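Enquirer: I'll drop the sequence and a predicted model, then ask my questions.
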Protein chains: 2
Amino acid sequence: MFNERGYDGTSMEDLARALGVTKSAIYHHVSGKTELLRQSLDLALDALFAVTREEGATSGPAADRLDHVLRGSVRVLVEELPHVTLLLRVRGNSEVEKHALERRREFDHHIAGLVREGIVDGDIRSDIDPAVASRLLFGMVNSIVEWYKPDRGLTAEEVADALSTITFRGMHS
Amino acid sequence: MFNERGYDGTSMEDLARALGVTKSAIYHHVSGKTELLRQSLDLALDALFAVTREEGATSGPAADRLDHVLRGSVRVLVEELPHVTLLLRVRGNSEVEKHALERRREFDHHIAGLVREGIVDGDIRSDIDPAVASRLLFGMVNSIVEWYKPDRGLTAEEVADALSTITFRGMHS
DNA sequence: GTCTATACATGGATAGAC
DNA sequence: GTCTATCCATGTATAGAC
């Protein structure tokens, strides 16, 4: 519901109605609306950071590690779609949101480092700015939450393949 | 302010305070909060559609027209940053938002057509789904609103060049 | 663990004076 | 064109019964 109507646009009353209980019942389980947000954001961030600790993301050439993290991010995005979607819409308007943005920046920094290493290795073209490239790359990855529907027969791997092909080899035939 | 704190997260009181007037003063000029939203969204959409009617977008090979629309979109995005940012955050939770989403879909459809034509022409690789490719492409373009700051010396053209290089020629050196 | 009832603040919006 | 004052709905959250 936070994703459909926005966090601010969703009231505890809306949530209660959807659950078939009253607002008070929800407050028995969580301290407030912000705790619901925190739990969701933490789940998404934990899953994304787990990718950066996987085998394929810690050994081998930087370009291959970058490809692994890109593909892994697409996988996590699809597996935890609602939580990652919520994470990507956070703007830092509360302490919980600021903390989530801080962790996201850490993730982005990791990616930019891989692009830079790939250029030094000679595997990635040197005529693009690593900072701009990594932002564009993850902009493309993250945009998937805007249109991906699990029930349309398109798998996470197919999307990851398309993305990897376009960004590493280019659309030109 | 709608972009900083979200449309729902911004009250007429917030706007009035920022303007140094009272809420009533604003209501003298506009019919309500939704009209402020509509005016901003219309400005962004009009600017984007104008790109698709430019010379470079209406004649020549489809791949070149696609490149023109991609670059033009980056230009519009930077020129009308607040309005396009707002447009890209709309989720369809009111009639005004639904109307804006409808026009965006029309734009996306236009892009997917160009990718499809480019494949037929043999200029764009045929091993990627045109629908997926066009979504990823514009996901990358649109993601620029998340980080672009006009005052950092990075021009719209430099960003457009980086984007065009990555998506058409690929990152691999 | 869920309910009813309610507190208290803030939301969008309007009336009418100046 | 802006103000003060106000309406009424809805927001988050709590108290206390069951």
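Expert: Received the coordinates, thanks.
Enquirer: Quick one: the helices in chain A, in order.
Expert: In chain A, the helices defined using DSSP state H lie at A:2-5, A:12-19, A:23-29, A:33-52, A:55-58, A:62-79, A:81-88, A:95-121, A:130-143, A:156-164.
Enquirer: Would you tell me which of those helices gets closest to chain B?
Expert: Ranking those by distance to chain B, with CB to the nearest CB as the measure, places helix A:130-143 first at 2.3 Å. C-betas here are computed from N, CA, C, even on glycine.
Enquirer: got the CA coordinates for the closest one in PDB?
Expert: Written as PDB, here are the backbone C-alpha positions of helix A:130-143 (Å, rounded to 0.1, in the frame of the first residue of the first chain):
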ATOM      1  CA  PRO A 130      33.000   6.300 -13.700                       C
ATOM      2  CA  ALA A 131      30.700   8.300 -11.400                       C
ATOM      3  CA  VAL A 132      28.300   9.100 -14.200                       C
ATOM      4  CA  ALA A 133      28.400   5.600 -15.600                       C
ATOM      5  CA  SER A 134      27.700   3.900 -12.300                       C
ATOM      6  CA  ARG A 135      24.700   6.200 -11.700                       C
ATOM      7  CA  LEU A 136      23.300   5.600 -15.100                       C
ATOM      8  CA  LEU A 137      23.900   1.800 -14.700                       C
ATOM      9  CA  PHE A 138      22.000   1.600 -11.400                       C
ATOM     10  CA  GLY A 139      19.400   4.100 -12.600                       C
ATOM     11  CA  MET A 140      18.600   1.500 -15.300                       C
ATOM     12  CA  VAL A 141      18.600  -1.400 -12.800                       C
ATOM     13  CA  ASN A 142      16.400   0.500 -10.300                       C
ATOM     14  CA  SER A 143      13.900   1.600 -13.000                       C
END
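Enquirer: ok, back up a step: so for DNA strand C, which of the helices of chain A sits nearest?
Expert: Taking CB to the nearest atom of the strand as the criterion, helix A:23-29 is the member of the helices of chain A that comes nearest to DNA strand C, at 3.1 Å.
Enquirer: The closest residue in space to A:V30 that isn't next to it in sequence: what's it in contact with?
Expert: In this structure, A:V30 finds its nearest non-sequential neighbour in A:L36, 5.8 Å apart by CB to CB, 6 or more residues apart in numbering or on different chains. Under the criterion of CB atoms under 8 Å, 6 or more residues apart in numbering or on different chains, the contact partners of A:L36 comprise A:F2, A:L15, A:V30.
Enquirer: hang on, isn't the first one packed against A:Q39?
Expert: I take that to be A:F2. No - in terms of CB atoms under 8 Å, A:F2 does not count as a neighbour of A:Q39; the distance is 11.4 Å.
Enquirer: Which of the two has more residues huddled nearby?
Expert: Using other CB atoms under 10 Å in any protein chain shown, the more surrounded residue of A:F2 and A:Q39 is A:F2, with 20 against 12.
Enquirer: Would you tell me which residues of chain A are close to DNA strand C?
Expert: Selection of chain A residues close to DNA strand C by CB under 7 Å from any atom of the strand yields A:A16, A:G20, A:V21, A:T22, A:K23, A:S24, A:A25, A:H28, A:H29.
Enquirer: Same list, these, but only the ones touching DNA strand D.
Expert: When the residues of chain A next to DNA strand C are checked against DNA strand D using CB under 7 Å from any atom of the strand, the ones in range are A:K23, A:S24.
Enquirer: How is chain A divided into domains?
Expert: With automatic domain parsing as the criterion, the domains of chain A are listed as A:1-30, A:34-169.
Enquirer: export those to JSON lines and tack on mean pLDDT?
Expert: Supplementary listing: the domains of chain A in JSON lines, determined by pLDDT from 0 to 100:
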{"stretch": "domain A:1-30", "mean pLDDT": "96"}
{"stretch": "domain A:34-169", "mean pLDDT": "96"}
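Enquirer: highest average neighbour count across those?
Expert: For the domains of chain A, average neighbour numbers computed from mean count of other CB atoms under 10 Å in any protein chain shown are highest in domain A:34-169, which has a mean of 18.
Enquirer: Identify the residues contacting the residue most central in space within chain A.
Expert: A centroid search over chain A (CA atoms, centre = their mean) returns A:V84, at 4.9 Å, as the residue closest to the centre. For A:V84, the set of contacting residues under the criterion of CB under 8 Å, 6+ apart consists of A:A44, A:A47, A:L48, A:V76, A:L77, A:V145.
Enquirer: Please report how far it lies from A:T167.
Expert: 19 Å (CB to CB, to the nearest Å).
Enquirer: Please write out the alpha-carbon positions of stretch A:78-85 in CSV.
Expert: Written as CSV, here are the backbone C-alpha positions of stretch A:78-85 (Å, rounded to 0.1, in the frame of the first residue of the first chain):
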residue,chain,number,x,y,z
VAL,A,78,12.5,-9.0,-8.4
GLU,A,79,12.6,-11.3,-5.3
GLU,A,80,11.9,-8.5,-2.9
LEU,A,81,10.0,-6.2,-5.2
PRO,A,82,7.8,-4.3,-2.8
HIS,A,83,10.6,-3.7,-0.3
VAL,A,84,13.1,-2.5,-2.9
THR,A,85,10.4,-0.4,-4.6
